[in-house]
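**Student:** Attaching a predicted model along with its sequence, questions to come.
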Amino acid sequence: MAEIKTKATEVNVTEFIQKVDNEVKRNDSFQLVEFFKMITGCEAKMWGPTIIGFGNYHYKYDSGHEGDMPIAAFSPRKDAIVFYFAEFKNREQLLEKLGKHKSGKACVYVKKLEDINLSILEELTRASIHYISSKYPDK
């Protein structure tokens with residue numbers, strides 16, 4: 001079975017963000033660290049080379065594949081800030097209210113925070129955390 005590449009690291013989150021080329025994305029990232037910290041009650045930690053995660057949970061699929069992931073996370077990529085959300089029940093309805101974004105299966109792409117409704121981002125984050133926490137409760 002392939003080993004998961006997204007693991008918590010000891011890379012300093014502030015130093016990582018300071019290296020983000022785009023000033024708007026860099027400032028948005030610092031704002032998002034405080035935003036996710038407030039929602040999760042967890043400190044920011046780097047996961048893999050580019051994901052800033054908060055908290056963690058352990059998952060185990062029916063296939064036997066298992067691992068640990070952050071319960072909330074984002075990544076300031078070159079083209080967009082990427083948010084990672086679970087596929088919970090009313091996700092699409094909330095995304096319709098979010099503002100300017102693109103989305104994939106688990107990822108939501110935003111150019112800058114100014115383009116979205118932060119209250120809806122908070123609802124998405126809390127709903128995703130709730131879904132993950134109920135699907136993978138701590139034993």
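**Tutor:** Structure's in. What do you need?
**Student:** Quick check: closest non-adjacent residue to the residue nearest to the spatial centre of the chain.
**Tutor:** By Cα atoms, centre = their mean, the chain has its centre lying nearest to A73, at 2.0 Å. If the residues on either side of it in the chain are set aside, A73 comes closest to G53, at 4.1 Å by Cβ to Cβ, 6 or more residues apart in numbering. The C-beta positions use only the backbone N, C-alpha and C, and glycine is treated the same way.
**Student:** any idea how far that neighbour is from E92?
**Tutor:** For G53, the distance to E92 equals 24 Å [Cβ to Cβ, to the nearest Å].
**Student:** name the element I120 belongs to?
**Tutor:** In this structure, I120 sits in helix 118-135 according to DSSP states H and E.
**Student:** just checking, the residue nearest to the centre of the chain is part of a helix?
**Tutor:** No - per DSSP: H, G, I helix; E, B strand; the rest coil, A73 lies outside any helix segment and is strand.
**Student:** Is it correct that it is in contact with M46?
**Tutor:** No - counting by Cβ atoms under 8 Å, M46 is not a contact partner of A73; they are 10.1 Å apart.
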